[in-house]
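**Student:** can't give you the sequence, but here's the structure:
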């Protein structure tokens, strides 16, 4: 078993979390959240990878040939759809915040009450 994909996952997650914590702009925070969620793709691919395995939908493979688990692939596709929906929602919130308050700085938004 190789640990390289999991090291990459930890690195991508750390970079994204660092960006979220240090950012002073909502759009930058949204992009960093996308980076954090991208680490879940690599995690799913690392978990579902089987050395020497084939795609599970071929009909002409022999009986004892190892195949990749299709559930992990379905989870990765679902993760992409969820990320797109979350990104669209957060972008619309950022647009409304800029329209109402004229700023995208989260610290300025926190001090405003209205």
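**Tutor:** Great, that's in hand. Computed from a predicted structure; not experimentally measured.
**Student:** Tell me how many other residues crowd the closest residue to residue 6 other than its chain neighbours.
**Tutor:** Once flanking residues are discounted, residue 6 sits nearest to residue 46: 5.8 Å by Cβ to Cβ, 6 or more residues apart in numbering. No exception for glycine: its C-beta is placed from N, CA and C like everyone else's. Neighbourhood size, residue 46 [other Cβ atoms under 10 Å]: 18.
**Student:** Give me the buried positions along the longest helix along the chain.
**Tutor:** If you go by DSSP state H, the chain has its longest helix at helix 70-101. For helix 70-101, a neighbour-count test (16 or more other Cβ atoms under 10 Å) marks 72, 75, 76, 79, 83, 90, 94, 97 as buried.
**Student:** Secondary structure class of the residue nearest to residue 6, three-state.
**Tutor:** Counting by DSSP: H, G, I helix; E, B strand; the rest coil, the backbone at residue 46 sits in helix.
**Student:** OK, contacts around it?
**Tutor:** 5, 6, 8, 9 (Cβ atoms under 8 Å, 6 or more residues apart in numbering).
**Student:** which sections of this protein are below the confidence cut-off?
**Tutor:** Scanning the chain for pLDDT under 70 picks out the ranges 1, 58-59, 112-114.
**Student:** Could you give me the buried positions within stretch 31-38?
**Tutor:** 32, 33, 35, 36, 37, 38.
**Student:** Help me confirm that the last one is found in a strand?
**Tutor:** Read it as residue 38. No. Counting by three-state DSSP, residue 38 falls outside a strand, being helix.
**Student:** Tell me which residues touch it, please.
**Tutor:** 12, 16, 83.
**Student:** mind checking the SS state of residue 57?
**Tutor:** Residue 57 - assigned by three-state DSSP - is coil.
**Student:** give me the number of residues near it?
**Tutor:** So residue 57, with other Cβ under 10 Å, has 9 neighbours.
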